[in-house]
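# what follows is a predicted structure for the sequence shown.
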Amino acid sequence: MKILIAVASKEYSGPTLRVGMQIAKALNASTTIVDVAEKANKFNSKVVGLAQERMDSWEFDRPGIDVLEWAFNFLAENNYIAPTMIEAGFSTNMLVEIGENRSEVFLKGTVCKDVQLILRNGDIIAELRDEVKQGHYNVTIIGGSGKRRMAHDLIQYIDSSIFVVNQFDPNQKYRILLAVDDSTGTKGAVKFGVRVAQAFKIDVDILTVSKVDRFGDGYKGAAEKAGKFMRRAGIQYQNIYRVGDPSEIIKKEAGDNHIVIMGASSKNPLMKFFKGSKPLKVMEDCPCPILIVK
Amino acid sequence: MLGFSRSSLTNFLFWVTQKKWFLITIVVGIILVLLPTPSGLTLEGYRIIIIVITALMMIITEPIPLPAVAIYILVFEVILGINDADGIAHSFMNDAVFFIMGSLMLSVAIIKQGWDKQIALGIITLTGNKTKNIVFGFTAISAILSSFIGEHTVAAIMLPIGMTLIRFTSEDKDRVKGLSAVLLFSIAYGALIGSIGTPSGGGRNVIMMSYFHDFGLSISYLEWMIKVYPLVIVQIPIISWVLLKSFVPEYDHLDTGVRKLIVQVAKSPNMTGRNTVAAFIFLLVFLGWVFLSETYGLGTIALFGVFLYLVAGFVKWEDLSKNTHWGVILLFGATISLGSNINDTGAALWLANQVVNLFGTIMNSFPFAVDTIIIVMTTTMANVLSSSATVAVLGPITLNLGENAMHLGLVTAIASAFGYFTAVAAPACTIVYSSGLVGAKDFLKVGWRVGLISMILLVLYANTYWLIIN
C-alpha cells in the first residue's frame, strides 16, 4: 500500500497530515508527503530563480521548504521517523533535486515502511497527477477545498483513490458511512471500508439509496455482501436503506460524525466531464471527510 | 468508446482542461477570420489584429509555453500573408531585441558578482536605523540602480537585503507584517519607478526608441534622462510616503536588525580587485550607452558588456545560458515584429482612429485627455501582460494618436512601468512576491494608490515640465 499526503501549509494542513499519518500507520503503508508550491509565471521564472540563488547565499530557504520542515517536525514529534533522523534534524542539504520542479527528502520510517518528503512547484492538479503516476500510489489524501473545479479535477484526473480530509474534528467519534450500490466501484469501497474500520476500530453504517421506491436485486445484493464482509472481519455494522436523491441522502446521513466511503463513478469519463458524478456531488456537499475508492 | 480506453479519454480530457484557453483562443481566432474585414482596414491589417488578439490571449493565460506563442506569431504572420518570410524575419530582429538579450545576460553577470552585501552596507550607512529613512533609502537606491541595470536585477539584489533586515528584526513573521510589506514594496516599486529614468532601465524603453526611429524621430540616452529622470526623483519620496501610510511598520527603529545586518555583512569577503574590475566593465557599458548608443545602438553595447564579462571570466557561459530566458527573448522579438507589422499594414492607424472615434468627444473637451487615455490603456495592459510586450503592441497605435509622437511615445513607455497592481505584472513585483511575505491582496491594496498617484503625476509632469524644457 502506498499513500500520498498532499499538504499546503502548517496553518491549514495540520488535520490532513495527522489523519494521513494515522491511516498510513494503521495500514503500514509506504508514505509520501508532498507540498505543491506556487510557480512563478513563465515570463519571470528565470529572474525569480536568480533572485532565489541570491537568497540562498544569505541563507534563506526557498518557498515550500518551511512546509517540509514543519512536516518533518510533525513526524519527529510523533516518532514516525527513525530516532537517528530526529536527532540530526531537518536540513536543506537533505533535499535531492530530481527534475526542474521536484525535490525529495528520504526518511527512514518507524511505524510505516518509509517516509518521503517531496516539494514540487506548479499547478496542484498537474503535479499531483504526475506524482501519483510516477509513484503508483493507492490513495491520495488531501485537505478540503471549497472550489468545485478542484474537487472535480481531483476525482477525474488523479489515478488513485482520493481521501478528502474535509472539516475533520479530532475530538469527534467518527463512524464510517459506506455507500453501496450495484456499481463496479462498490467492491473496492467495501474492501477499503473494512480495512479502515479494522484499523481504527470504528463501526460502519452501510447505506443503500434507491432513487425509486424499490430496491432491486443488485442493490440488495451489494448491501448484503458488504454486511457479510463486515461480519467476517468482526466489525459492528448496520444496514440502512433509504429512498431519494443519493447525494442528498448521503449528505443527510453523514452529518458531521461520519467518514463517507464510496466507490468512484463507473460512468464514461466524457459523461463525468460534462455531467459530473455522484461522488463529485457528495464531495462538494458533505461537511465531513470522504474517501472515493478507485 | 470509439475504441478509446478510459485512460486515453481521461488523458485527453486532462489535456483539454489544461489547454482550455488555447482551445478558446483557436475558436476566437477562427470566428474573427470568418468575420468580414472592417471597413477602412486592409485584409493584412485585419489579419495582424487577429494575430495580436490571439497572441495576447495566450500570453496572458499561458496555456502553452511562451516560445510557442512567439513561434505562432512568426509562422502565422507568414501564413496569413502579412509579409513574406524574409520580411517577417527582418522585422523580428533589431537593436531592441539585441538590447533585451544583452540586458538579460548582463543582469545574470551582475547578480553573480554578489554586490548585494556591499549595497546593504551602503544603504545602512546612509540611512541609519530609523525605519522611515530605511524605507526611503530602499526606494531611492532601488530606483537609482534600476535606471541603469534594470528592475529585475535590482529586485534580485535587494530582496535578500530586505529579507535579512526583516528576519533580524523578528523571526516571528506575524510580528513584522507591516515592516515586511513596506520594505519589500519599497524595493519592487522603487525598481519600477526607476526603470523609466533611462533607456537602459527596461526593454520597453528601447522598443519605444526603435518605434521613434521608424517614425523618423530620435532621442539620445542623455535627452531621455533629461526628459524623464526628474519624474523618478519626484516619485521617490512620494511613493515612500504612500507605502508608509499604507502599511504601518511595527518598529520605528530597527536597531537590532541593522546591527545584526552589519555584523553579517562584515563576515562576508571584502570588495576584491575582481569586484572592482566587474564594476568598471559595467561603468564602461553605461558610458557606451550615454555617448555611443546613437552610433552603435544600445543593444550592441549591452552585448559588448556581456562579451567583456565572458572574456574576463566573471561569468560562465553555462550560467548565462541557464539563467537567461531565451523564450522571453524570442517572444519579445515576435511582439516587436507584430508591432512593426501593425504599423506597416496600416492597422495601427486604423486602431488609433477607432480610439479617436470612441473618445473623440472627451479628447476635445478635456485637457490632457489623450495622455490620460494612453496612460489608462497602457497601465491596464501592462498589469496583465508584460510591460515590454505592452509597448511593443500599443506603441505603434499610441504614436498615431496625435501630432506630437515623441510626447505620446514617452508617455506610453513611462506608463508601461506602472505595473503596481498585480504580483505578475513586473519582474520586480514577482520577485518580491516569491518571498512569501507579501500576498496578492497587498499588491492591490497599495497598488491602486501608487498607480493613481503615478498616473496623475505623469499627466501633470508631461504637460508642464516637457513644455518648459522644450
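Perfect, thanks for sending it. Numbers count the residues shown, from 1 in each chain, chains lettered A, B, ... in the order given.
# list the contacts of stretch B:412-420.
Stretch B:412-420 is contacted by residues B:151, B:189, B:192-193, B:195-196, B:202, B:204-205, B:208, B:228, B:231, B:374-375, B:378-379, B:381-383, B:387-388, B:390-391, B:394-395, B:398-399, B:425-426, B:429, B:443, B:446-448, B:450-451, B:454-455, B:458 when judged by Cβ atoms under 8 Å, 6 or more residues apart in numbering or on different chains. Where C-beta positions appear, they are placed from N, C-alpha and C, glycine not excepted.
# ignore what I typed, I meant stretch A:281-294.
For stretch A:281-294, the surrounding residues in contact (Cβ under 8 Å, 6+ apart) are A:19, A:139, A:148, A:151, A:155, A:159-168, A:174, A:179, A:185, A:188-189, A:191-192, A:196, A:246-248, A:250-251, A:254-264, A:279.
# whichever of those end up buried, select them in ChimeraX.
Buried residues within the contacts of stretch A:281-294, by 16 or more other Cβ atoms under 10 Å in any protein chain shown, are selected in ChimeraX with:
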select /A:19,139,151,155,160,161,162,163,164,165,166,168,174,179,185,188,189,192,196,246,247,250,251,254,258,259,260,261,262,263,264,279
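# of the contacts of stretch A:281-294, which ones also sit close to chain B?
residue A:159 (Cβ under 8 Å from any Cβ of the partner chain).
# from the contacts of stretch A:281-294, which ones fall inside helices?
Secondary structure assignment by DSSP state H places A:19, A:148, A:151, A:155, A:185, A:188-189, A:191-192, A:196, A:246-248, A:250-251, A:254, A:279 of the contacts of stretch A:281-294 in helices.
# enumerate the residues of chain B near chain A.
Selection of chain B residues close to chain A by Cβ under 8 Å from any Cβ yields B:1, B:6, B:9-10, B:13-14, B:17-18, B:62, B:65-66, B:104, B:107-108, B:111, B:114, B:116, B:152, B:155-157, B:159-160, B:163-164, B:167, B:323-325, B:327-328, B:386, B:424, B:427, B:430-431, B:434-436.
# mind checking which of those are buried?
Among these, the ones that count as buried by 16+ other Cβ under 10 Å are B:9-10, B:13-14, B:17-18, B:66, B:104, B:107-108, B:111, B:116, B:152, B:155-157, B:159-160, B:163-164, B:167, B:323-325, B:327-328, B:386, B:424, B:427, B:430-431, B:434-436.
# which pLDDT does the model give the closest residue to residue B:229 other than its chain neighbours?
If the residues on either side of it in the chain are set aside, residue B:229 comes closest to residue B:197, at 4.8 Å by Cβ to Cβ, 6 or more residues apart in numbering or on different chains. Looking at residue B:197, its pLDDT is 96.
# residue B:197 against residue B:227, yeah?
No. Counting by Cβ atoms under 8 Å, residue B:197 sits too far from residue B:227 to count as a contact (10.1 Å).
# mind giving me the PyMOL select for the contacts of stretch B:412-420, buried ones only?
Selection of the buried residues among the contacts of stretch B:412-420 in PyMOL, burial being defined by 16+ other Cβ under 10 Å:
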select buried, chain B and resi 151+189+192+193+195+196+202+204+205+208+228+231+374+375+378+379+381+382+383+387+388+390+391+394+395+398+399+425+426+429+443+446+447+450+451+454+455+458
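# sort out for me which of the contacts of stretch B:412-420 are in strands.
Using DSSP state E, no member of the contacts of stretch B:412-420 sits in strands.
# low-confidence stretches in the stretch 51-200 of chain A?
A:146, A:148 (pLDDT under 70).
# where along it do the helices fall?
In the stretch 51-200 of chain A, the helices defined using DSSP state H, counting those that start in this stretch lie at A:65-77, A:83-88, A:124-135, A:148-157, A:185-200.
# nearest to residue B:142, out of those helices?
helix A:65-77 (26.2 Å; Cβ to Cβ).
# just the CA atoms of the closest one, as PDB, please.
In PDB, the C-alpha atoms belonging to helix A:65-77 read as follows (Å, rounded to 0.1, in the frame of the first residue of the first chain):
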ATOM      1  CA  ILE A  65      10.900  24.400   2.400                       C
ATOM      2  CA  ASP A  66       9.200  25.700   5.500                       C
ATOM      3  CA  VAL A  67       6.300  23.400   4.800                       C
ATOM      4  CA  LEU A  68       8.600  20.400   4.500                       C
ATOM      5  CA  GLU A  69      10.400  21.400   7.700                       C
ATOM      6  CA  TRP A  70       7.000  21.600   9.500                       C
ATOM      7  CA  ALA A  71       6.100  18.200   8.200                       C
ATOM      8  CA  PHE A  72       9.400  16.800   9.300                       C
ATOM      9  CA  ASN A  73       8.900  18.200  12.800                       C
ATOM     10  CA  PHE A  74       5.400  16.700  13.000                       C
ATOM     11  CA  LEU A  75       6.900  13.300  12.000                       C
ATOM     12  CA  ALA A  76       9.700  13.700  14.600                       C
ATOM     13  CA  GLU A  77       7.300  14.800  17.400                       C
END
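# quick one: contacts of it?
Helix A:65-77 is contacted from outside by A:7-10, A:13, A:17-18, A:21, A:33, A:35, A:37, A:61, A:80-81, A:85-86, A:89-90, A:92, A:95, A:105, A:107, A:115, A:117, A:119, using Cβ under 8 Å, 6+ apart.
# tell me the domain boundaries of chain B?
Domains of chain B are assigned by automatic domain parsing as B:21-91, B:114-268+B:346-469.
# how many other residues sit next to residue A:206?
24 (other Cβ atoms under 10 Å in any protein chain shown).
# contacts only, for the closest residue to residue B:115 other than its chain neighbours.
Distances taken as Cβ to Cβ, 6+ apart place residue B:157 nearest to residue B:115, at 6.5 Å, with adjacent residues excluded. Neighbour list for residue B:157: A:54, B:110, B:111, B:115, B:116, B:119, B:145 [criterion: Cβ under 8 Å, 6+ apart].
# where in the stretch 301-450 of chain B is pLDDT low?
By pLDDT under 70, the stretch 301-450 of chain B has no low-scoring segment.
# contacts only, for the residue lying closest to residue A:52 once chain neighbours are set aside.
Nearest residue to residue A:52, sequence neighbours excluded (Cβ to Cβ, 6+ apart): residue A:62, at 5.6 Å. Residue A:62 sits next to A:52, A:55, A:56, A:119 when contact means Cβ under 8 Å, 6+ apart.
# in this structure residue B:328 contacts residue B:104, no?
Yes. Residue B:328 is within contact range of residue B:104, at 7.3 Å (criterion: Cβ under 8 Å).
# which neighbours do those two share?
residue A:46.
# buried sites along the helix ranked longest in chain B?
Counting by DSSP H, the longest helix found in chain B is helix B:221-246. Buried residues in helix B:221-246, counted by 16+ other Cβ under 10 Å: B:221-222, B:224-225, B:227-229, B:231-232, B:235-236, B:239-240, B:242-244, B:246.
# grab the most central residue of chain B for me.
Centroid-nearest residue in chain B: residue B:387, 4.2 Å away (criterion: Cα atoms, centre = their mean).
# disregarding flanking residues, what is the spatial nearest neighbour of the residue of the stretch 151-294 of chain A found nearest chain B?
Relative to chain B, the nearest point of the stretch 151-294 of chain A is residue A:269 (4.4 Å; Cβ to the nearest Cβ). Excluding its sequence neighbours, the residue lying closest to residue A:269 (Cβ to Cβ, 6+ apart) is residue B:9, at 4.4 Å.
# for residue A:273, same thing?
Nearest residue to residue A:273, sequence neighbours excluded (Cβ to Cβ, 6+ apart): residue B:13, at 5.1 Å.
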